[in-house]
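1. Sequence and predicted structure below; questions after.
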Amino acid sequence: MNDGPPPPRDPRYIWPAEGLRRVPDWVYTDDAIYQREVERIFHGRTWNYVALEAEIPNPGDFIRSNVGPTPVVVARGQDGAIHVVENRCAHRAAEFCRELTGNTREFVCPYHQWTYELNGTLRAVPFRRGVAGKGGMPADFDMTAHGLTELHVTTHRGVVFASYVADMEPLTDYLGPEILREFNATFDGRRLTILGHYRHSLPGNWKLYHENLKDPYHATLLHTFLVTFGLLVAGNKSLMLTDATGRHGVMASAKSDAKVAADVQGEMRAYKDGMTLAEPRFMDFIDEFDSPWSVTMATIWPNLIVQREMNTLGIRQIVPTGPHEFIMKWTMFGFEGDDEAMTRHRLRQGNLMGPAGFLGLEDNEAIKFVQDGMQRVPNGEHVVELDPQTAYGTSDTLISEAAIRGMYRYWREVMDL
Amino acid sequence: MLDATAPHTDHRIAALLLHHEIDQFNARYAAALDAQRLTEWTEMFTPDAFYLVTSRENADHNLPVGLIYCEGQGMIRDRAFALENTAMFAPRYLRHIIGNLIVHSEDPNGDIRAQANYVVLQVLFDRPDATLHQVGVYHDIFHRTATGLKLRERRCVYDNLLVPNALCLPA
């Protein structure tokens, strides 16, 4: 990293001797670790998801967002360029933008009406020259030195990212070729249409959400809805892909009509032969993507999940609020050209995910249980030993934790721990 | 017994009886969900019913997604079956409070448009407090059937945009 020699190793933060096969609790529960993550990860060398271009299609459109915990506003200028600025007035720190979305010509802080252009340039300070020759700003007050903090912005296929770092590599390099291929399979060039948002808090460490989607082992065990109705089985064609660094991942699987093999049935406690839904059509997969996978869950470091669960598509944005909690903002979308039947199919299939989804509510509960366990029986460690043939990274078996090990190999490097 | 549909009945009494009938329906709806008798809950809808739980943010912007999005009683039954038989979530008690009923109109075809405010309180077994889990409004279309009022549509629009962790049971 670029901030000098590493601090002396604190004995509280010694990694277990087993290496990546263990993850110590302090990774998830310690406030100093969390603060270091904000500095080194969310404010460090990362591209953070902030919005979809379809949410701000017109000049003057803006949407509130976050980079890590830090509130920002994403706005489209009159020239069409996208700007991301901190939602903090340069004068007295007020979080000036309070609407979730809107359209404006300028940002005006309501406290003292300091006025900014959409790119953050300070345009006006009321009573800058005082009144009747008295008061006001110093004569040498430099307007150009008191704009909003502006972040660096890039877009790819209608998805907007921001970074505090000026010399970030292009997003395509940041993702790497394997992850980029899956990203482009979902964002395939069709223009996006916004179907709506979900927002929820989650009382767990933000990394647990990445890990949940780098943990294909849980999918057939926790999500018995899929198993009960024979919709997902441990023998399905699947891949747990990571990039070369280990920070990004894609959990991919292909829907299969094959029957559940007898030996697999025995391991899946929930499987019930012959169980059917009253409305099975909501689980239909309409093959609309150039991809061998019917389901991909991409974890884009550090704050983005791209959900392509058959035909229900969504962005999940992680907003950490401390070591023990984060907020998740979901943006569900379809494509221009979807007819009403396709839109309704996406909406029906949306019952799988989100904080009331058949799968989504279980993930949220499971992650809460993990944080509860660490808080109530502290100072332990997690066992991530599955699939020892793969030290870390990509694995073609669902019964693997190699992608979690890959993520922590990278995390330890960035965190210098 | 007063027959609210008889032509000689004062329309104000008819309105009062209808208001009471919907109020009673909502009380039974709350009781079914509070007791987690989800099969009973599914039978309070018509076969073609639409049931939606969505945020006020989405409703205000005419965005169609729902946390729960059920087209037809079949999907409502699938949801109930899944929650009772497959879903993993911590045990909890819920208390639905429904009030401020407004009956907007009754069509000749038996559709009645109404709305009511609702609150869902949630108790987890390891916490001393009942937390405000949902606060919102039901936008309803009731339909009069041979077996009494049924919901043809219930759109639950909640104000608390940030859902606390997970909505495990219907609103």
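-> Arrived safely.
2. how many other residues sit next to residue 160?
-> Here I'm looking at chain A. 24 (other C-beta atoms under 10 Å in any protein chain shown). Every C-beta, even on glycine, is put in place using the N, C-alpha and C of the backbone.
3. try chain B instead
-> Quick note: B:Asn160 (other C-beta under 10 Å) scores 15 neighbours.
4. So is stretch B:93-109 next to chain A?
-> No: against chain A, stretch B:93-109 shows no contacts by C-beta under 8 Å from any C-beta of the partner chain, the least distance being 13.3 Å.
5. Tell me the residues on the stretch 301-417 of chain A that lie near chain B, please.
-> Counting by C-beta under 8 Å from any C-beta, the stretch 301-417 of chain A sits next to chain B at A:327, A:332, A:343-344, A:347-348, A:350-351, A:354-358, A:360-362, A:364-366, A:368-369.
6. What residues of stretch A:206-221 count as buried?
-> By 16 or more other C-beta atoms under 10 Å in any protein chain shown, the buried positions in stretch A:206-221 come out as A:206-217, A:219-221.
7. Can you give me the end-to-end span of it?
-> End-to-end distance of stretch A:206-221 (C-alpha to C-alpha, to the nearest Å): 22 Å.
8. Any residue of that stretch touching chain B?
-> No: Stretch A:206-221 lies apart from chain B when judged by C-beta under 8 Å from any C-beta; the minimum separation is 9.8 Å.
9. Spell out for me which residue occupies the centre of the chain.
-> The chain I'm using is chain A. For chain A, the residue nearest the mean C-alpha position is A:Leu304 (2.1 Å; C-alpha atoms, centre = their mean).
10. actually chain B
-> B:Arg154 (5.7 Å).
11. Surely it is in contact with B:Leu52?
-> Yes: using C-beta atoms under 8 Å, B:Arg154 is in contact with B:Leu52, at 7.4 Å.
12. Could you report the separation of A:Lys237 from A:His152?
-> 39 Å (C-beta to C-beta, to the nearest Å).
13. repeat for A:Arg247
-> 19 Å.
14. same thing with B:His133?
-> 40 Å.
15. where in chain B is pLDDT low?
-> Applying pLDDT under 70 to chain B flags the ranges B:1-9.
16. before we move on, back to that, in CSV, list the C-alpha atoms belonging to the helix or strand that the residue nearest to the centre of chain B is a member of.
-> Using DSSP states H and E, the element containing B:Arg154 is strand B:148-158. The C-alpha trace of strand B:148-158 is given here as CSV (Å, rounded to 0.1, in the frame of the first residue of the first chain):
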residue,chain,number,x,y,z
GLY,B,148,-68.2,-13.9,2.6
LEU,B,149,-65.7,-11.2,1.8
LYS,B,150,-62.4,-12.2,0.2
LEU,B,151,-59.4,-10.1,-0.8
ARG,B,152,-59.1,-9.7,-4.6
GLU,B,153,-56.1,-7.4,-4.1
ARG,B,154,-54.0,-6.4,-1.1
ARG,B,155,-51.1,-4.1,-1.7
CYS,B,156,-49.1,-3.6,1.5
VAL,B,157,-47.1,-0.4,1.1
TYR,B,158,-44.7,0.0,4.0
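17. tell me what it is packed against?
-> Secondary-structure packing of strand B:148-158 (3 or more C-beta pairs under 8 Å, 6 or more residues apart in numbering or on different chains; DSSP states H and E): helix B:11-34, strand B:45-55, helix B:56-60, strand B:111-124, strand B:130-145.
18. Can you list the neighbours in contact with the shortest one?
-> Put plainly, it is helix B:56-60. A:100, A:196-197, A:199, B:63-66, B:136, B:155, B:157-159, B:161 (C-beta atoms under 8 Å, 6 or more residues apart in numbering or on different chains).
19. Which of the residues you listed sits closest to B:Pro47?
-> B:Arg155 (18.0 Å; C-beta to C-beta).
20. what's the closest one in contact with, if anything?
-> B:50, B:52, B:54, B:59, B:138-140.
21. Which one of the residues you listed is nearest to A:Pro11?
-> B:Thr54 (50.1 Å).
22. Which helix or which strand is home to A:Gln375?
-> helix A:360-376.
23. Can you tell me which helices and strands the very next helix or strand once past that helix packs against?
-> For helix A:360-376, the following helix or strand on the C-terminal side (DSSP H and E) is strand A:381-383. Strand A:381-383 is packed against strand A:22-24, with contacts defined by 3+ C-beta pairs under 8 Å, 6+ apart.
24. Pull up the pairing partners for the strand it packs on, direction included.
-> strand A:381-383 (antiparallel) (DSSP bridges).
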